[in-house]
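Curious how this folds, go ahead:
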Amino acid sequence: MRRFPVFLLVLIVLLSSFVLAAASAEGMGVRVSGDYEYSLLDNGTAIITRYSGDRDLVTVPAQLDGIPVSAIGPSSFKSRRNMMSVEIPEGVTEIGDYAFLYCDMLTFVDLPKSLKTVGKNPFAGCEALVEIDIAEGNEVFYLQDGILFSRPDARLVSYPMTQERGEYRIPDGIRIIGASAFYTCDNITGLTLPESITSIGQRAFFLCKSLKNINLPDSISYLGKEAFMGCQRLQTLVFPDTITEIGDSAFENCTSLKDIQLPHGATSIGDRAFYNCSSLTSVELPEGITTIGKNTFAECKNLISIILPDGVTYIGGGAFLNCFALQEIEIPDSVNYVGSAAFYHCEQLVSIDLPMTCFYIGAQAFLGCTSLSSFRLPMVLNTINEGVFSGCGALRQITLTPRITAIEKQAFGACTGLQEITIPENVEYIGPEAFRYCISLTTVYMPEELDENNPEDVDPTAFDPTVSFVRE
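Numbering: from 1, shown residues only. Next up, the predicted model:
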């Protein structure tokens, strides 16, 4: 039988893939005209989805293949490093989210009279932008001191990065600080917000590294995701009680933030909301909070104490991860869930009391809590998950509750102060290195039903060879 050459098979596969990709693109309505990719909207006009050119002076065409252009799609001109100016033609009514994101050399933009809709700051990260011009007669957008505003929603759309260094007072009547409006604006040092402001959009002040002070008026009810993320010089914030929600990563990496007064009306604090706020020393959470999100206070290395209100039921994974200075935390009786790595490497934490009704403690929840000397396991707990108490060298004794059926891998690994342990009768399995390197552990009281020589019951590495087993 004649063999088909391997290189021809490879070539056929590659060509087939190319044909399928082209067919898929055609099926999605993607078309190419010169440096532009576009697709058709329901009204028969074109939306530009990608520009691949490298010109420094760009005039967006009013038509592509004879089809009128009505929209510039999200991120369609992203990272066009050579582009210094762009003129958008009459007929374009919409510019999508982050359309010109990271166009480093873009200095001048000409917007048409027909423009009616602009998404999240189209010029975010355009560090050289010095002038935005709007055609006379545009009834939707206007400029004030070089800053772009939208009339219908009273929104501050874009604050150019080249504005003079200093403080800025947002005009009265503005209701919304748009998403990414001040994105990476290093020159802004302070902000005064009018009482008309109701919301601060996601990433509104993202990486404004020079921002030291900002007032939050009583009119605000919403702080978006990553709103102040990376504002490294922001030191103090007083939240109005009108704020009910603090978005994910809202103050992540605000490393100078020393004092926060959270709003009494808050019901939700997002994941990583105060991640790496390394200057925070204490926090009191309002009564309405019911959940502590994932990594909410992780890497707050100087956080000494925190008060959780009654009603908190959930402490998310990594909530206090690497809070090395945390000495005191009061856990309310309502808590029934502690996520993985929730108190990972809280090295100064001496004791913690979980309510007897807490049914879940995640993997590595207290790993590396080297000062933890006492711990009472909840009565309803049925599994000691992987690495929960690994490295808790100060833990001398712990009572395993009757409902426990499994002790997983490295659950008590390197608990060097642990001297003896009694395995409950319901335990069916002890995992690898569950009590390995517990150098002070000499005696283990083992139930009759559990065979330490049977790998299905007890992993061969679960205990150090020096341990003596006593049958109960």
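
how close does residue 286 get to residue 294?
When C-beta to C-beta, to the nearest Å is the yardstick, residue 286 and residue 294 sit 20 Å from each other. Glycine gets a C-beta too; all of them are placed from N, C-alpha and C.

if you count what's nearby, which of the two comes out ahead?
Relative neighbour count places residue 294 above the other of residue 286 and residue 294, with 22 against 16, counting by other C-beta atoms under 10 Å.

residue contacts, the more buried one?
If a contact means C-beta atoms under 8 Å, 6 or more residues apart in numbering, then residue 294 has 271, 272, 316, 317, 318, 319, 339 as its contacts.

rerun at 6 Å
For residue 294, the contact set (C-beta atoms under 6 Å, 6 or more residues apart in numbering) comprises 271, 316, 317, 318.

Just the CA coordinates for stretch 348-363, please, in PDB.
These are the backbone C-alpha positions of stretch 348-363, laid out as PDB (Å, rounded to 0.1, in the frame of the first residue of the first chain):
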ATOM      1  CA  GLN A 348       0.200  36.800  65.200                       C
ATOM      2  CA  LEU A 349      -3.200  35.200  65.700                       C
ATOM      3  CA  VAL A 350      -3.100  33.400  69.000                       C
ATOM      4  CA  SER A 351      -6.700  32.100  69.300                       C
ATOM      5  CA  ILE A 352      -9.900  32.100  67.300                       C
ATOM      6  CA  ASP A 353     -13.300  30.700  68.200                       C
ATOM      7  CA  LEU A 354     -15.600  29.500  65.500                       C
ATOM      8  CA  PRO A 355     -19.200  28.800  66.300                       C
ATOM      9  CA  MET A 356     -20.300  25.200  66.800                       C
ATOM     10  CA  THR A 357     -22.600  25.500  63.800                       C
ATOM     11  CA  CYS A 358     -19.700  26.300  61.300                       C
ATOM     12  CA  PHE A 359     -20.000  23.300  58.900                       C
ATOM     13  CA  TYR A 360     -17.100  24.100  56.600                       C
ATOM     14  CA  ILE A 361     -13.400  25.100  57.000                       C
ATOM     15  CA  GLY A 362     -11.600  25.200  53.700                       C
ATOM     16  CA  ALA A 363      -8.200  23.900  52.800                       C
END
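
buried ones in it?
349, 352, 354, 358, 360, 361, 362, 363 (16 or more other C-beta atoms under 10 Å).

For those residues, give me a markdown table that also has distance to residue 388.
Supplementary listing: the buried residues of stretch 348-363 in a markdown table, determined by distance: C-beta to C-beta, whole Å:
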| residue | distance to residue 388 |
| --- | --- |
| 349 | 14 |
| 352 | 12 |
| 354 | 12 |
| 358 | 12 |
| 360 | 11 |
| 361 | 6 |
| 362 | 8 |
| 363 | 7 |
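
Any stretches of this structure with poor pLDDT?
The model of the chain has pLDDT under 70 over residues 1-28.

now for it, which residue lies nearest the mean position of the chain?
residue 249 (4.8 Å; C-alpha atoms, centre = their mean).

Isn't that residue up against residue 271?
No. Using C-beta atoms under 6 Å, residue 249 and residue 271 do not qualify as a contacting pair, with a distance of 7.2 Å.

And the helices in this structure, which stretches?
Under the criterion DSSP state H, the chain contains helices at 6-27.

How about the contacts made by the closest residue to residue 211 other than its chain neighbours?
With C-beta to C-beta, 6 or more residues apart in numbering as the measure, residue 231 is the residue that lies nearest to residue 211, at 4.8 Å, once sequence neighbours are left out. Listed by C-beta under 6 Å, 6+ apart, the contact partners of residue 231 are 205, 208, 211, 254.

again, but for residue 289
Residues in contact with residue 289 (C-beta under 6 Å, 6+ apart) are residue 309.

how about a cut-off of 10 Å?
Each residue near residue 289 by C-beta atoms under 10 Å, 6 or more residues apart in numbering is listed here: 246, 262, 266, 267, 268, 269, 308, 309, 311, 312.

Dig out what residue 238 forms beta bridges with.
Beta-bridge partners recorded for residue 238 (DSSP bridges): residue 261.

ok, residue 202 touching residue 224?
Yes. At 3.6 Å, residue 202 counts as touching residue 224 under the criterion of C-beta atoms under 10 Å.

Just list whatever residues bridge to residue 282.
Here residue 282 sits in beta bridges with residue 305, as judged by DSSP bridges.

So what's the residue count around it?
The number of residues packed near residue 282 is 14, by other C-beta under 10 Å.

Quick check: it vs residue 338, distance?
Separation of residue 282 from residue 338 (C-beta to C-beta) stands at 21 Å.

Ok, residue 291 next?
Where residue 338 is concerned, residue 291 sits at a distance of 12 Å (C-beta to C-beta).

Same check on residue 306?
Counting by C-beta to C-beta, the gap from residue 306 to residue 338 is 14 Å.

So for these two, which sits in the more crowded spot?
When residue 306 and residue 338 are compared for neighbours, residue 338 comes out ahead with 26 against 21, by other C-beta under 10 Å.

Who are the contact partners of that one?
Contact partners of residue 338, counting by C-beta under 10 Å, 6+ apart, are 292, 314-317, 319, 331, 352, 354, 358-362, 365-366, 378, 388.

Could you rerun that using 7 Å?
Taking C-beta atoms under 7 Å, 6 or more residues apart in numbering, we find residue 338 in contact with 315, 354, 358, 360, 361, 362, 365.

isn't residue 219 right up against residue 196?
Yes. Under the criterion of C-beta atoms under 7 Å, residue 219 is in contact with residue 196, at a separation of 6.3 Å.

Next one: residue 345 from residue 253, what distance?
19 Å.

can you check residue 107 too?
Note on residue 107: its distance to residue 253, by C-beta to C-beta, is 30 Å.

what's the closest non-adjacent residue to residue 467?
What sits nearest to residue 467 in space, not counting adjacent residues and going by C-beta to C-beta, 6+ apart, is residue 444, at 5.5 Å.
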